[in-house]
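Asker: Requesting a structural model of the entry that follows:
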Amino acid sequence: MFIVDDRSKIENLNSLSVLSLNQNPLGIIPPFNDSKLRSLSLQDTSLISAEFPSSYMSSFLQRIYLSDNKIRSINENDFHNLKNSKVKKLHIDSASLSKIDQNAFNSLMQLQELSLKNNQLKSCEFLSTFRLLSSIHLDGNQFTSLPQELSAPKTIKTFSFTHNFISIIDESSPLHTWLKMNYTNIKIYLVNNSFDCCQSLWFIRFLKTSSNFIGDASLLTCVTPLNYAGKQLIKLNPDEMNCGAIPSKSWWTTGRIIGVTVGGLVTVLVLIIVVIVFNRRGRSRSGYTEIGGIDDPSPSAPIGSSSQIVFPPYGEDNDDAMSSSSTIATRIATGSQAPTFTTNDGVWAIDDNRN
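Answerer: Here you go, the predicted model:
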């Protein structure tokens, strides 16, 4: 672990030209005042800022490595104290960078190589400010198209945008300007981007005639549409490609999501309707009287019908019950008009001819 008191010991090393303090929890760039240093490496040192202290005003640093930190942004004056230096190489890879001021590198007038790999950058306005820069590496960032700053490359000969999210390259891209202006000795690397080949037909034609601009032309493949996924761009014939009725993967995926969502809503709606119908049927059945104890409330039968026969209560003697109602006069419905008389011994006909 680097201790502040160790700074004087380091500065007293008369022949020291390369200093590496990697993996020490520094937090800030230490204020060395040693004009003999030519290379400074502060990788994975918990830096949260790229600001160099004023002690570097007289520095002659040529190489700086600030990768694997949490710098997040580079401000306009962070490298101001290096304006007298001769920094030619600067690496700030994997440093969580998402913002770089347009004028952040103005003080590094001798810078020739800049590496900003594996950050979160989406634009690079600062490209137009370099005077001697010959190569820039922006691999593993979040670019979705080639930035227009590439249209005027100046001294830059190598651009690297591999492992980004570039999907469309057409005649509006800087490559069209390169072709029109007849630039030479410029290369760009684009492997592992998400190319939509049906929307990049111009770029496929460009590869047929000007692949010299693309350093990894043979490695570029389509991601969408699905029927061209994995195919090499340089082997496609844009005049024979069937792109008219083929949706890109993004549209196809969106359609599936919409279909699943609508299907789910319809299913929920049907379930709600079924529940409502069953609830209504349940309420309509609630008017029926449960069987048990109360006779069917049908209209009363006529007097004398079988429905009016009184049965003896459970447990009483049947003979007594019958005797209590045996005095009732009745007629036997057999077609005879003879009067009858009912006794305990049965029903007897009365002979009207008796004296």
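Asker: can you list the weak-confidence ranges in the stretch 201-350 of the chain?
Answerer: 245-264, 266, 281-350 (pLDDT under 70).
Asker: Stretch 186-200: which residues count as buried?
Answerer: Neighbour-count burial for stretch 186-200 flags 186, 188-200 (criterion: 16 or more other Cβ atoms under 10 Å). Any C-beta I mention is one placed from the backbone N, CA and C, and that applies to glycine too.
Asker: for stretch 63-70, same thing?
Answerer: Buried residues in stretch 63-70 (16+ other Cβ under 10 Å): 63-69.
Asker: now, which of the buried residues of stretch 186-200 sits nearest C124?
Answerer: I188 (13.2 Å; Cβ to Cβ).
Asker: so what's the closest residue to that closest one other than its chain neighbours scoring on pLDDT?
Answerer: Closest residue in space to I188, ignoring its immediate chain neighbours: F159 at 4.3 Å, by Cβ to Cβ, 6 or more residues apart in numbering. Note on F159: pLDDT of 98.
Asker: Can you give the strand pairings for the host helix or strand of F159, parallel or anti for each?
Answerer: Using DSSP states H and E, F159 sits in strand 158-160. Strand pairing for strand 158-160, using DSSP bridges, gives strand 135-137 (parallel), strand 187-189 (parallel).
Asker: got a list of contacts for the first one?
Answerer: To tie it back to what came earlier, the one meant is strand 135-137. The contact list for strand 135-137, computed with Cβ atoms under 8 Å, 6 or more residues apart in numbering, reads 112-117, 124, 127, 156-160.
Asker: in stretch 232-240, what counts as buried?
Answerer: Buried residues in stretch 232-240 (16+ other Cβ under 10 Å): 233, 236, 238.
Asker: now swap in stretch 44-64 and tell me
Answerer: Quick answer for stretch 44-64 (16+ other Cβ under 10 Å): 44-45, 47, 49-52, 55-56, 59, 61-64.
Asker: Likewise for stretch 109-121?
Answerer: 109, 111-119, 121.
Asker: Among these, which has the minimum pLDDT value?
Answerer: Lowest confidence among these: M109, with 94.
Asker: Specify the local secondary structure of the nearest residue to that residue once chain neighbours are set aside.
Answerer: Using Cβ to Cβ, 6+ apart and skipping residues adjacent in sequence, the residue nearest M109 is R131, 5.9 Å away. Using DSSP: H, G, I helix; E, B strand; the rest coil, the three-state assignment for R131 comes out as coil.
Asker: doesn't Q112 make contact with R131?
Answerer: No: the criterion here is Cβ atoms under 8 Å, and R131 misses it with Q112 at 9.8 Å.
Asker: For this structure, just list every one of the helices.
Answerer: 6-11, 174-181, 201-210, 249-285, 318-323 (DSSP state H).
Asker: ok, so of the buried residues of stretch 186-200, who is nearest T224?
Answerer: Using Cβ to Cβ, the buried residues of stretch 186-200 come closest to T224 at D196, 4.7 Å.
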